[in-house]
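*Asks:* Let me see the structure of the following:
(one chain, ligands or ions: 1)
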Amino acid sequence: MPGTSEERAQKYLGLGHSEAENHAKTQLELYEKRVQQTSSVTNVISEFFKTNLIGFAWHYLRSRFGARHPYRAYPRNDDTGIYPLQSSVAAREEISIALLSDWASDTAESDAVANLVARHVPDYTVHMGDIYFVGTPREVEENFTAPYASWYYGASGSLALSGNHEMYSNGNAFFRHLLPAMYAQVGEVRKTQQAGFFCLENDYWRVIGIDTGYTSVGRPFLEILSPPDCHLRKEQVAWLRDVAKLGDPRDTRGVVFLSHHPYMSAFREEYVKPGEQLQKLMGDAQRPVIWFWGHDHRLVAYRFDRNGKGPQAYGRCIGHGGASGGGEAAGCRRAV
Ligand SMILES: [Fe+2]
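*Replies:* You can find the predicted model right below:
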């Protein structure tokens, strides 16, 4: 990739969340790569206009006005999206799951974090969303699927949630390129991830990945009247109710939710709608949950609390897994 690792990492510090800004950064990456192969000033200038401006405009407009990838839900091919947690080491009972959010930035830092994950040999790895800058096929390849990509695939499973950045490209590469590379191992059978949400479970715990990314990016003009709220689509709600049976009062297993978007935030927008939908599905019982999320690029532990009409939760924002500059949390409303 172009530039020194320090230069590349700089692009992620103070990273903007606007769609246009991220499309511009994707085109800048492409431009820099091409410029490395040119020698004359004329070439550099022509490459800039050819690759950068036109590419940006095309990229941006196509995603703003193009069709979103059709939503996917279970069951697909008899796959319910519920998989038993299984150890990848026969003699080991405990299960380890590595959670990374906002990791896919193809930086020296993301490589270093992936190498740290590999040293722990977790059974499962989960990417909790945001492939930089706009989740294009090439960005999926560089981070996950190329032979030199550094993502660590857990022996028992490797799964992905969508963030807002995947949806800046309408989710096309997320559904077509990333999910086919993701899987859960069920015995000797490898089940390819079919939708943007899932459940891993055993007799004690349920780890439920929920999709807040698909509804996190609005359409031009309409988003002014109706800002995106990351709500769970009706297909996902039906799956949680009818397949995962989240409201079953006899099921007393611990619940761990994973999502890209924050259930609560002391720093930026927080998204109460998914929490309200989940609490409604879980019924009136005040059942505490554990909830991990990303998006905020900070490592934050929140005190046991609820947001709006959502569940009582031990909330944790797990920070930015692909660049330095996270880990700042002190003296905030809910942060501890
Ligand atoms: Fe995000």
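*Asks:* contacts and neighbour counts: CA atoms only from here.
*Replies:* Noted.
*Asks:* lowest-confidence helix or strand of the chain?
*Replies:* helix 41-47 (a mean of 56; mean pLDDT, DSSP states H and E).
*Asks:* For the chain, which residues score under the pLDDT cut-off?
*Replies:* The chain contains residues with pLDDT under 70 at 1-17, 27-28, 30-53, 55-56, 324-336.
*Asks:* which element follows the least confident helix or strand of the chain toward the C-terminus?
*Replies:* As assigned by DSSP states H and E, the chain's next helix or strand after helix 41-47 is helix 54-65.
*Asks:* Verify the assumption that Ile208 is located in a strand.
*Replies:* Yes. Judged by DSSP: H, G, I helix; E, B strand; the rest coil, Ile208 forms part of a strand.
*Asks:* Phi, psi for the residue lying closest to it once chain neighbours are set aside please.
*Replies:* Nearest residue to Ile208, sequence neighbours excluded (CA to CA, 6 or more residues apart in numbering): Cys199, at 4.3 Å. In this entry, Cys199 is assigned phi and psi values of phi -140, psi 130 (degrees, to the nearest 10).
*Asks:* quick one: contacts for Cys199?
*Replies:* Taking CA atoms under 8 Å, 6 or more residues apart in numbering as the contact definition, Cys199 lies against Gly81, Ile82, Tyr83, Arg206, Val207, Ile208, Gly209, Ala244.
*Asks:* do Gly322 as well
*Replies:* The contact partners of Gly322, by CA under 8 Å, 6+ apart, come to Asp102, Trp103, Ala104, Ser105, Asp106, Thr107, Glu109, Ser110, Asp111, Val113.
*Asks:* swap in Gln277?
*Replies:* Contact criterion CA under 8 Å, 6+ apart gives His231, Leu232, Val237, Gly310 as the residues in contact with Gln277.
*Asks:* Confirm it sits in a strand?
*Replies:* No. Checked against three-state DSSP, Gln277 lies outside a strand; its state is helix.
*Asks:* and it, how far is that from Met264?
*Replies:* In this structure, Gln277 and Met264 are 15 Å apart, going by CA to CA, to the nearest Å.
*Asks:* for Gln279, same thing?
*Replies:* Per CA to CA, Gln279 is found 15 Å from Met264.
*Asks:* the more surrounded of these two?
*Replies:* Under the neighbour definition other CA atoms under 10 Å, Gln279 and Met264 were set side by side, and Met264 has more, 25 against 20.
*Asks:* Was I right to think the more buried one contacts Pro274?
*Replies:* No. Here Met264 lies out of contact with Pro274, judged by CA atoms under 8 Å, at a distance of 10.9 Å.
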